[in-house]
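Peer 1: mind folding the following:
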Amino acid sequence: MADKPDYPFSLTRVFDAPAEAVFQAWTLADAVKEWWGPKSHQTIVAQLDLQPGGIFHYCFQGADGQKMWGKFVYHEIAAPQRLVFVNSFSDESGHTTRAPFSPSWPLEMINVLTLVEEMGKTTLTLQGNVINASPDEQAIYLASVGSMQQSFTSTFDQLEAFLEKGK
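Peer 2: Below you'll find the predicted structure:
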């Protein structure tokens, strides 16, 4: 697919907070657990090692006790402007696994988070794409971009509320 964009998933949001505060919300365990993930779930941070090659290993736990594990592997950290990480589902030990909702969901997705501050407000852009994916996995990812944007919009609503509490 020659005309495939580098990052078919892209979402931009402006937060009424400095870039440093937004960056810390993404990179400090006590902050991330307050806003990351579905609103209906508690986020448990098993590990957050913010360095290239380091891992953010987390769990979303529903009210029924059901758990879904995931992880980021950090590739680039340029505080407070940029984070590059590979996101995947995992097991409790941090081993990469298939998504619990689809055996054809891609194993790994590259994500680029950029933060640009202007006059005390920060524009966050999150872009993503699959890596090391089969054509079927790529197609499933592309077909899911709209629903991922909806999910992240809800998650960013939680980030906004978290940042507001910190003022």
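Peer 1: show me what the longest helix seen in the chain is packed against.
Peer 2: When the chain is parsed with DSSP state H, its longest helix is helix 145-165. Contact partners of helix 145-165 among helices and strands, from 3 or more Cβ pairs under 8 Å, 6 or more residues apart in numbering; DSSP states H and E: strand 9-15, helix 19-27, helix 29-35, strand 121-131. (Each C-beta comes from the backbone N, C-alpha and C, glycine too.)
Peer 1: for the second one, packing partners?
Peer 2: Going back to what we said before, that points to helix 19-27. Under the contact criterion of 3+ Cβ pairs under 8 Å, 6+ apart, helix 19-27 touches helix 29-35, strand 82-90, strand 108-118, strand 121-131, helix 145-165.
Peer 1: what sits up against that helix?
Peer 2: Contacts to helix 19-27, defined as Cβ atoms under 8 Å, 6 or more residues apart in numbering, come from residues 15, 31-32, 35, 48, 50, 77, 79-81, 83, 113, 115-117, 122, 124, 159, 162-163, 166.
Peer 1: quick check on the residues you listed: which are buried?
Peer 2: By neighbour count, with 16 or more other Cβ atoms under 10 Å, the contacts of helix 19-27 hold 15, 31-32, 35, 48, 50, 77, 80, 83, 113, 115, 117, 122, 124, 159, 162-163 as buried.
Peer 1: hang on, the earlier thing: Ile55: which of the helices and strands packed on helix 19-27 is closest?
Peer 2: Smallest distance to Ile55 across these (Cβ to Cβ): 9.1 Å, for strand 82-90.
Peer 1: only the buried residues of stretch 105-122, if you could.
Peer 2: Residues of stretch 105-122 classed as buried by neighbour count (16+ other Cβ under 10 Å): 105-107, 109-115, 117, 122.
Peer 1: my bad, should have said stretch 35-52
Peer 2: Across stretch 35-52, burial judged by 16+ other Cβ under 10 Å covers 35-37, 41, 43, 45-46, 48, 50.
Peer 1: so which of those residues are in helices?
Peer 2: Residues of the buried residues of stretch 35-52 located in helices (DSSP H): Trp35.
Peer 1: much appreciated, bye for now.
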